[in-house]
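1. fold the following for me, if possible:
(one chain, ligands or ions: 1)
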Amino acid sequence: MSWQNTNDLAAALPDPAAASSELHEGVGNPDTPQMHGWVQKEEYNYALFNKEGGNTGPQANGVHAGGDWAGNGAVYVWNDEYGDVGPDFPELAAQLFGSNRGNKGINYKIIDEICVTQEGIKRLDPVRTFEDAGLHPVMLENVRLAGYDMPTPIQQYTLPAVKSGFDIIACAQTGSGKTAAFLIPVLSQLMGKAKKLTAPRPNPATFVKGVTPGVRAEPLVLIISPNRELATQIFNETRKFCYRSMLRPAVIYGGGPIGDQIRQLEMGCDILIATPGRLIDFINRPNILTLKRLKYMIIDEADEMLQSDWETEFNTIMSGGDQEQGNINYLMFSATFPKGARNLAKEHLAHDHVRIRVGRAGSSHANIKQDIVFVAAHAKRQAVEDLLFHSPPSRTMIFVNSQRTADEVDDHLFNRGFPCVSIHAGRTQREREDCIRSFRTGKQPIMICTSVSARGIDVPGVMHVINYDMPSTQYGGIEEYTHRIGRTGRIGNNGLATSFYNDRDENIAEALVMTLLETRQIVPDFLQHNIPEGFSSDGMTGDITKLKFDADSDDEEAGKCEAADASGNAREATVATAWGAPAAAVSQPVGLVADAWGAPATVVVQPVTPFANTWGAPDPVAQPAVAPVGNGWGAPVPVTPPQQVAAPVGNGWGAPTPVAPVTPVAPVTPQAAQPAATWGAASIPAAAPTAGGGWGAAAPAKQANVSAG
Ligand SMILES: Nc1ncnc2c1ncn2[C@@H]1O[C@H](COP(=O)(O)OP(=O)(O)OP(=O)(O)O)[C@@H](O)[C@H]1O
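-> Purely as a prediction, here's the structure:
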């Protein structure tokens, strides 16, 4: 059988109560995760990843040998003797663009009927194709190498907005291509003028670290990201789009090696990606960094940056450097943008800035199936184990609210044999980078994380997000929920989000129900008292335009939707689909993305190597060939790392055992199909949980035909 959509994943999962009675406390289940198709677990290799320094030696064929820190990833090495366009270096191109080269199979037929709204006094005509966007030829070629066929809706508006020189506030759903929405137009604008605009610096092609005198970095673009993983991810995207141009990117982030970062900057830096704390460190060292040449300041996850936690840093960055205020364009992006944050943002922007909203601010994608399951606090561990045992193996992110819970869940699942890693702010930066790398490459396809990874992380093929803990109000509330579930269902793919809910999460209940209704999801029994009048619990009935969210328009009169609304009612239809397909395509059923949702194994060929390399691993070409994703769920086949050193320490990252290459396991056989509602918990009574079932919920009526084994 091939998996057709998220309902099939839901169908493969058992009734929680039935599963728990058979698998309670793990004692009744003699199976190992590997018998269910999961790859072997692998311990954290301290000897390999805690060594200092990276190989940042001289370049060859345009490639700087990357170090093993994410920030040392190889960049295009410009030679001052080149004309306007540098030559192609296929080895580096393979490393930067990897499997993305050419069309990577995005299904443009997967459509959100989407509303694109412009607010503010300026209105722009969107561009429908990259060819029409007036991009620099080098950028156009890089877009093609990246495999982008057409701009996503947010890109359709930011391309002309940047070209026309406007400040921007942009809000678009998770996974809708916001990074490229600022990188492509901004870098393209600079490419034509780079020789004139960039600061004097030594010829990168002949620069020898420690020998050639360095310079002070004078970036033209500053991109600020609130978290380290996102900063290095944006750096990786920037490396791609700077290919064959003289624009030189660098990233500075907390926990990373400051010496390496200084050495990167002293070679010259045109595009600087930074986390706030480390940026301020460098701003305070004016001999290393000056912002006086800055042309663009881009704030990613802007609503997070505008929160009071970041106030001091934000104000220092906005005014504390030596930038010349009048010469800078400000661009602010996020998937969630509460009104308060938008108002603050506007204070920093030019009067005639452009505000673009794709969908409701903070809305989630309809292509993410959201299941809410009642699980009492004491039953969560068993529940997550059961859930994983019965889920087809796939990249899965499990979100928790505290570092301690992350460690506990990691220990528990690891001891049960699951290939998992965990990441939180208590880990060293080495551990964090290794964790993400090993999740990204699919060696450990289960990642347990605190909110540190909720925002922005883009790992292709994450098919399941589990909210082990709900992000109730004190943990970021509904915005955090939106960012978390948005790690799946990216760029038009389908995804499943399963959230454990119990009485402690009541303060998010109302917002959660509205979010479910907005995307026509099933509201489970225990949340149905929050359903507003006129809506049905299966999400099918009710006018979603009547749902009352935190006001999402700043300018009710002017802020007209330019496309079909979320229920498909055409308003002023100019853009009818999320991915720019013609309006006619809207009526097509939500389709499949072969490589994300595991069409038959023969079709699913997704080399893992490029992701590893984009994280700054050593030269990929020298690495052993990597097996493609082998099973129907896209769970990658583990890779034999280039070196294996016996791990000396046992902890939540795994006891030391020798690592052997693992043979791919046949795809898990799906369980007897169950109605999706089984995991939507719609069948679980609203009553408070009892100690009865392993999931801690009051025992629901058993489904006779469930097979948990
Ligand atoms: N026009 C395009 N065509 C195809 N793929 C694209 C396009 N634009 C971006 N992508 C890809 O879409 C994925 C998601 O993009 P990105 O991470 O920028 O999303 P985002 O909107 O910033 O999400 P989040 O809000 O979660 O940070 C990336 O893998 C990116 O390479």
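2. so the closest residue to Lys195 other than its chain neighbours, which of the three states?
-> Nearest residue to Lys195, sequence neighbours excluded (CB to CB, 6 or more residues apart in numbering): Met246, at 7.0 Å. Where you see a C-beta, it was placed from the backbone N, CA and C, and this is true even at glycine. Using DSSP: H, G, I helix; E, B strand; the rest coil, the structure places Met246 in coil.
3. residues touching Met246, list them.
-> 78, 82, 86, 194-195, 198, 270 (CB atoms under 8 Å, 6 or more residues apart in numbering).
4. just the pLDDT for it.
-> As summarised for this prediction, Met246 has a pLDDT of 94.
5. do Glu518 as well
-> 85.
6. may I have the phi/psi pair for it?
-> phi -60, psi -30 (degrees, to the nearest 10).
7. tally of neighbours for it?
-> Neighbours of Glu518 under the rule other CB atoms under 10 Å: 22.
8. now do the one 3 residues further on
-> Around Gln521 sit 24 other residues, with neighbours defined as other CB under 10 Å.
9. sticking with the closest residue to Gly120 other than its chain neighbours, tell me its helix or strand.
-> In this structure, Gly120 finds its nearest non-sequential neighbour in Arg355, 4.4 Å apart by CB to CB, 6+ apart. If you go by DSSP states H and E, Arg355 is part of strand 354-358.
10. run through who's touching that strand.
-> Outside strand 354-358, the residues touching it (CB under 8 Å, 6+ apart) are 114-120, 122, 124, 153-154, 157-158, 161, 166-173, 176, 337, 342, 552, 554-555, 559, 578.
11. what does the stretch 351-500 of the chain put close to the ligand?
-> 456, 458, 486, 490-491 (CB under 6 Å from any ligand atom).
12. can you give me the strands for the stretch 251-400 of the chain?
-> Ranges of strands in the stretch 251-400 of the chain, per DSSP state E, counting those that start in this stretch, are 271-274, 296-299, 329-334, 354-358, 368-374, 395-399.
13. follow-up on the earlier one: can you tell me which of the contacts of Met246 end up in helices?
-> 194-195 (DSSP state H).
14. tell me which two of the contacts of Met246 sit farthest apart.
-> Greatest spacing in the contacts of Met246, by CB to CB: Tyr82 and Asp270 (15.2 Å).
15. neighbour-wise, which of these two wins?
-> Legend: neighbour count by other CB under 10 Å for Tyr82 and Asp270, higher for Asp270 (27 against 13).
16. so who does the more buried one touch?
-> Asp270 touches 190, 194, 198, 219-221, 246-249, counting by CB under 8 Å, 6+ apart.
17. let me know the pLDDT of it.
-> The per-residue pLDDT of Asp270 was computed as 97.
18. out of everything not next to it in sequence, what's closest to it?
-> Asp270 sits nearest to Leu247 (CB to CB, 6+ apart), 4.6 Å away.
19. would you confirm that that neighbour contacts Leu187?
-> Yes - assessed by CB atoms under 8 Å, Leu247 is found in contact with Leu187 at 6.1 Å.
20. between these two, who's got more neighbours?
-> Leu187 (29 against 26).
21. ok, now which ones touch that one?
-> With CB under 8 Å, 6+ apart, Leu187 has these contacts: 139, 221, 238, 241-242, 245, 247, 271.
22. okay, the residues you listed in CSV with distance to Asn530 next?
-> Shown next, in CSV, are the contacts of Leu187 (distance: CB to CB, whole Å):
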residue, distance to Asn530
Met139, 47
Val221, 44
Thr238, 43
Phe241, 44
Cys242, 48
Ser245, 52
Leu247, 50
Ile271, 46
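23. give me the buried entries from these.
-> Using 16 or more other CB atoms under 10 Å as the burial test, these include 139, 221, 238, 241-242, 245, 247, 271 as buried.
24. if we can go back for a sec, okay, and the common contacts of Leu247 and Leu187?
-> Ile271.
25. shaky segments in this structure?
-> Within the chain, the stretches with pLDDT under 70 are 1-29, 44-67, 99-114, 320, 360-364, 539, 542-709.
26. and it, which residues reach the ligand?
-> 106, 148, 151-152, 155, 172, 174-180, 335, 456, 458, 486, 490-491.
27. neighbours of Asp309, just the number please.
-> Asp309, neighbours per other CB under 10 Å, totals 11.
28. can you give me the strands for the stretch 1-150 of the chain?
-> Under DSSP E, counting those that start in this stretch, the stretch 1-150 of the chain gives strands at 59-60, 63-64, 116-119.
29. good, wrapping up.
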